[in-house]
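> what's the 3D shape of this:
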Amino acid sequence: MIDMKKLLLILLCPFFLISQNYTQEFDSLVEVKNYDLAVKILEHYLSKTPEDVVLIELMGDAYGFQSQWSKAVVAYKSLLDLDPNSVTYHYKYAGVLGKLAKEERKLSGIGQISKVKTSFLTAAKLDPTHINVRWALVELYTQLPSFLGGSYEKALIYADQLKQLSKPNGYFAKAYVFENSSREDLAKINYKNGLYSLNELECFQSVLSHSTHLSMHVNSLHFLIAKACVLHNTQLTIGQQHIHYYMEAISSKDSKSLEEAYLIQSQLFKLQNNVSEALSAIEQALLLKPDFKAALKERQLILLLKP
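Predicted coordinates:
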C-alpha cells in the first residue's frame, strides 16, 4: 500500500527545491549588491509561476534595493490584497510607500503618508512584539513635519515600547528621537545607556551574536552604536566594527548616507590617534558630498593634528 505521506513529499519536493534554489540565488546576489541580475532571475522564475507569493515578495525586495519604489509598492500591495493580516506585508508595503512619498515630494506623495501610517500601525497592532515595525514608527513620527502628523511624543511612545522588548533598541531609539528634536543632552544620556545595556549582554564582544538582541533594524543600530562610541569616546574598536558593518550593508533603505558613515569612521580613527586613516575617511566623505559641512569642519580638526 502506498504511503500517502511519502507520496506527498515526493510530489512537493521539486517545488521546495526550486523555491530554495531561487531564494539562495537571490540572497547571494543581494550580498554582492548585484540587484539587476537578481531582478532578471526573479523575472525568469515569475514567468513560469506568476502567482508565487515568495517570488513576488523577493521581487518587491529587489525593487526596493534598486530604489524602484513604485514597482516595489505594486509588488507588496498585491501580496497585501491576498493576505491583509500579514505583518510582514504591511511593514514592507508601508516602508516602500514612505520612500516613494519622500521621493515625489508632491501632493500625490503627501497623500500617501496616511496610507503609510495606517499600514505601520496595523502591523504594530497585529504583532505587539515586532521590533522592526516599532523602529519604523519611531523614524516616521520623528521625520515627518508636524503638519503631516509628525510627533516626537508619539515617536517616544514607540521607543518606550521598544525598550520593553529590547533595552538596546529602546535606548538607541530614544537617542535618535532626542537628537532629531535638538535635545542633545538627553540624546547623549540615552546613547550612554544604550552602550551600557549592550555591555550587560554577555555576547557584546561578538557583533554577530549580539545582533540577535538588537534584532531587526540592525543596520541602523550599527550606525547609532558607532556614533555612541564617538560621543562617549569609549569602546572605539567596537565602534569601528559597527560602522564597518553598516557601510558594508548600506542600501537605499537606510536613512543615514555613506558620507555620514565615513564621518563617523573618521571620528573613530581620530579618537584612536590614527590621523592618516581619519584623514583618508573624511576625504571619502567629501568625495561623495563636497559641501558636507560637518565633514569639512572635521577635516580642519584632523589637519591640526598632523605633525
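
> so residue 149 touches residue 113, yeah?
Yes. Contact criterion Cβ atoms under 8 Å: residue 149 and residue 113 qualify, at 6.9 Å. Every C-beta, even on glycine, is put in place using the N, C-alpha and C of the backbone.

> which one of the two has more residues nearby?
Between residue 149 and residue 113, residue 113 has the larger neighbour count (other Cβ atoms under 10 Å), namely 18 against 14.

> contacting residues around that one?
98, 101, 144, 148-149 (Cβ atoms under 8 Å, 6 or more residues apart in numbering).

> For residue 120, see how far away it is.
Look at residue 113 and residue 120: by Cβ to Cβ, to the nearest Å, they are 11 Å apart.

> just residue 147 next, same as before
Between residue 147 and residue 120 the distance is 19 Å, computed by Cβ to Cβ.

> higher neighbour count, the two?
residue 120 (26 against 7).

> from the middle of its chain, how far away would stretch 284-303 be?
From the chain centre to the centre of stretch 284-303 is a distance of 25 Å (Cα atoms, centre = their mean, to the nearest Å).

> could you give the mean pLDDT of that stretch?
For stretch 284-303, the mean per-residue pLDDT is 96.

> Okay, now the unreliable bits of the chain?
1-22, 26, 29, 105-109, 201-218 (pLDDT under 70).

> and if we set it to 50?
Within the chain, the ranges that satisfy pLDDT under 50 run 1-19, 202-216.

> Which residue is the nearest non-sequential neighbour of residue 228?
In space, and not counting its chain neighbours, residue 228 is closest to residue 191: 3.8 Å by Cβ to Cβ, 6 or more residues apart in numbering.

> Quick check: buried residues in the helix or strand where the one you found lies?
Using DSSP states H and E, residue 191 falls within helix 184-199. Within helix 184-199, the residues scored as buried using 16 or more other Cβ atoms under 10 Å are 187-188, 190-195, 197-198.

> So which of those residues is the closest to residue 227?
The nearest member of these to residue 227, counting by Cβ to Cβ, is residue 191 at 7.0 Å.

> surely that closest one meets residue 226?
No. With contact defined as Cβ under 8 Å, residue 191 does not reach residue 226; the gap is 10.6 Å.

> Show me what secondary structure element comes after the host helix or strand of residue 285.
Element membership for residue 285, per DSSP H and E: helix 275-288. Counting by DSSP H and E, the next helix or strand C-terminal to helix 275-288 is helix 293-305.

> what comes into contact with the helix holding residue 191?
Around helix 184-199, the neighbours that count as contacts under Cβ under 8 Å, 6+ apart are 167-168, 171-172, 174-176, 178-179, 204, 210, 213, 224-225, 227-229, 231-232, 234-235.

> Got a quick ChimeraX command for the buried subset of these?
Remark: buried members of these, expressed as a ChimeraX selection using 16+ other Cβ under 10 Å:
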select :167,168,171,172,174,175,176,178,179,204,210,213,224,225,227,228,229,231,235
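
> can you list contacts of the helix or strand hosting residue 97?
Counting by DSSP H and E, the element that carries residue 97 is helix 87-104. Helix 87-104 has contacts (Cβ under 8 Å, 6+ apart) with 57, 60-61, 63-64, 67, 69-70, 72-73, 76-77, 79-80, 83, 109-110, 112-113, 115-120, 122-123, 126-127, 130, 132-133, 136, 140, 252-253.
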